[in-house]
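Colleague: sequence and predicted structure, then a few things I'm wondering about:
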Amino acid sequence: MTTQVSTTTHKTSWGILLVPFTMLMLLLICVVAWQAKPVLLWTDILIFILVLSISFFVVSASRKEHLRDPFRQVLRSRMGMAALMILLMYVVVGLMDSIHFRMPLESNDNTGESNYSSQVLSLLDVVVTPIREQGEKTYSAPFAAYQYAKETIELSDGTRVREYPRLVYGGAHLTSPETELQGDIIALGLRALFFAIFAWLLLILGITYILSRRWQQTFGVSLAKLVTGRTELPWRTMCFVAGVFCLMIFLTVEYGAKYHILGTDKVGQDVFYQSIKSIRTGLVIGTLTTLIMLPFAVMLGIMAGYFKGWIDDVIQYLYTTLNSIPGVLLIAAAVLMMQVYIANNPDLFETDTERADVRLFFLCIILGITSWTGLCRMLRGETLKLREVDYVQASTAFGVSNWKILVRHIQPNVMHIVLIAIVLDFSGLVLAEAVLSYVGVGVDPTTHSWGNLINGARLEMAREPIVWWSLLAAFMFMFTLVLAANVFSDAVRDAFDPRIRKR
């Protein structure tokens, strides 16, 4: 039984390596199918490196029992797996939005040269094309057929009246929105519910068939175990979350093509589209910042705790000095300097998207430089204890070099702290982006982010009538991501904390 579980774990861990190669294949398909020009942004490259690094880490961890056993405990947690599935849903959207290209333009000359649009699109933009292209003139409420504010309209007889104009796309299929709107929304919702239940049942049957083959049991017995929750992994919880995802997807498909689900902003752009486009920005801030700060924190923290002496004094002085500088002021100064450099060198960027991406990349660097000190301090304290244990003292007595001791004995035994800190800091970094963008020193104003949505909603809340849906949309998406990250971090902490595991 142990050999079968171990073999299954190895197959699953090696399967995760398909993720980065799938991203490359999707980019290649987009280029070939639409004859598009691929665009590699700085953050796209780092995202690919991060996905590849995580894939290799999972493969490496699956071979080590001291890491594999805690992860098994995470997989057995119902709340942890539900949160992980929500996070994976966000990750899928973020990865789709990280495959960028430029579509070709129709050429009227005979030179044979291909001209490409200055607009950089992503695979997500193509998938949600109906939502992306259905722009209105100005504000409109969620599921509305009329604009949110009155305008002066000239009638056919020359008279002018003040009334709410019809939207160009929202509810355009309705002849009389006053009487048909509510019934149409209910009908579309029921239709989406029917297709979602059908797709969900097919998914459950497929999962049950695969599990019955793995467990070597009949289909009926496997289905009964899944429904009653008598499985090692919380398959019933995961199927329930998958059902919610199916419902949300089909509701988006049904409503997105005919209505503005979360209304439109001041320039008529769909708020739901802006919210899902902001997912990539939140994930980039939360993950790439960790990728940048992790080497500093791990290397300096371990060195300070192991070597002590003047090396410890220098590293402590370094992070103490950095902590004494107000983080917001340091980030604001760095971002403003970068903004001046970009404004003075516009020829370095072919498109506005590349210019905005450089600012996002630089913001990740600044956040990484200012956020590594806490983890460094924790690793220093843990290393001070590990350097006194018997196996480290024995290695020193046998003449093993210091760097081999750091790599083989110290670093593997502090990785649980690193992993817990990474997951816990993720939600804080996502919230930091919203705060920085709100005060004007975050991402570029042209970049879709929840911080920019909140910043725009700040002025909209002061008008009459109040435009509330932009703030609500940013709150819902950001709250779901941060809540899922916190719940998953609790599961990881419980699995890797030796005291909790003993209890």
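Modeller: It's in.
Colleague: pLDDT score for the residue nearest the centre of the chain?
Modeller: Closest to where the C-alpha atoms of the chain average out (Cα atoms, centre = their mean) is Leu283, at 3.4 Å. On the pLDDT scale, Leu283 is placed at 88.
Colleague: chain center to whatever helix or strand it lives in: distance?
Modeller: Using DSSP states H and E, Leu283 sits in helix 271-307. Chain-centre distance of helix 271-307: 12 Å, with Cα atoms, centre = their mean, to the nearest Å.
Colleague: ditto for stretch 177-186
Modeller: 35 Å.
Colleague: got it, and stretch 84-104?
Modeller: The answer for stretch 84-104 is 8 Å, by Cα atoms, centre = their mean.
Colleague: tell me how the protein divides into domains.
Modeller: 2-101+270-502, 128-256 (automatic domain parsing).
Colleague: just name the most buried of these.
Modeller: Most buried of those by mean neighbour count (mean count of other Cβ atoms under 10 Å) is domain 2-101+270-502; its value is a mean of 17. (Glycine included, C-beta is placed from N, CA and C.)
Colleague: which SSE is the nearest residue to the residue nearest to the centre of the chain once chain neighbours are set aside in?
Modeller: Leaving out its chain neighbours, the residue that sits closest to Leu283 by Cβ to Cβ, 6 or more residues apart in numbering is Gly94, at 4.2 Å. If you go by DSSP H and E, Gly94 is part of helix 78-96.
Colleague: touching that helix from outside, list them.
Modeller: 19, 23, 26, 47, 51, 74-75, 122-124, 127, 233-234, 237-238, 240-242, 245, 276, 279-280, 282-284, 480-481, 483-485, 487-488, 490-492 (Cβ atoms under 8 Å, 6 or more residues apart in numbering).
Colleague: still on that earlier bit, how much space between the residue nearest to the centre of the chain and Met338?
Modeller: Per Cβ to Cβ, to the nearest Å, Leu283 is found 21 Å from Met338.
Colleague: what's the answer for Gly305, then?
Modeller: The value you get for Gly305 to Met338, if Cβ to Cβ is used, is 34 Å.
Colleague: pLDDT below threshold where in the chain?
Modeller: Of all residues in the chain, those with pLDDT under 70 make up the ranges 1-34, 66, 107-114, 497-503.
Colleague: and if we set it to 50?
Modeller: 1-14 (pLDDT under 50).
Colleague: and the strands in it?
Modeller: Taking DSSP state E as the test, the strands found in the chain are 37-39, 100-105, 115-122, 151-154, 160-163.
Colleague: what pairs with the third one, and is each one parallel or antiparallel?
Modeller: Looking at strand 115-122 with DSSP bridges, its partner strands are strand 100-105 (antiparallel).
Colleague: leaving aside the residues adjacent along the chain, what's closest to Thr370?
Modeller: Gly327 (5.0 Å).
Colleague: gap between Ser212 and Gly229?
Modeller: Distance from Ser212 to Gly229, by Cβ to Cβ: 17 Å.
Colleague: just the helices from the stretch 51-200 of the chain, written as ranges.
Modeller: 65-76, 78-96, 123-127, 129-133, 177-215 (DSSP state H, counting those that start in this stretch).
Colleague: now the ones you listed in CSV, with distance to Thr447?
Modeller: Shown next, in CSV, are those (distance: least, Cβ to Cβ, whole Å):
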stretch, distance to Thr447
helix 65-76, 33
helix 78-96, 14
helix 123-127, 14
helix 129-133, 16
helix 177-215, 31
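Colleague: relative to Leu375, which of the ones you listed is closest?
Modeller: helix 65-76 (18.5 Å; Cβ to Cβ).
Colleague: got the angle for the closest one vs helix 78-96?
Modeller: 100 degrees (axes from the mean of the first three to the mean of the last three Cα atoms, to 10 degrees).
Colleague: cool, thanks, talk later.
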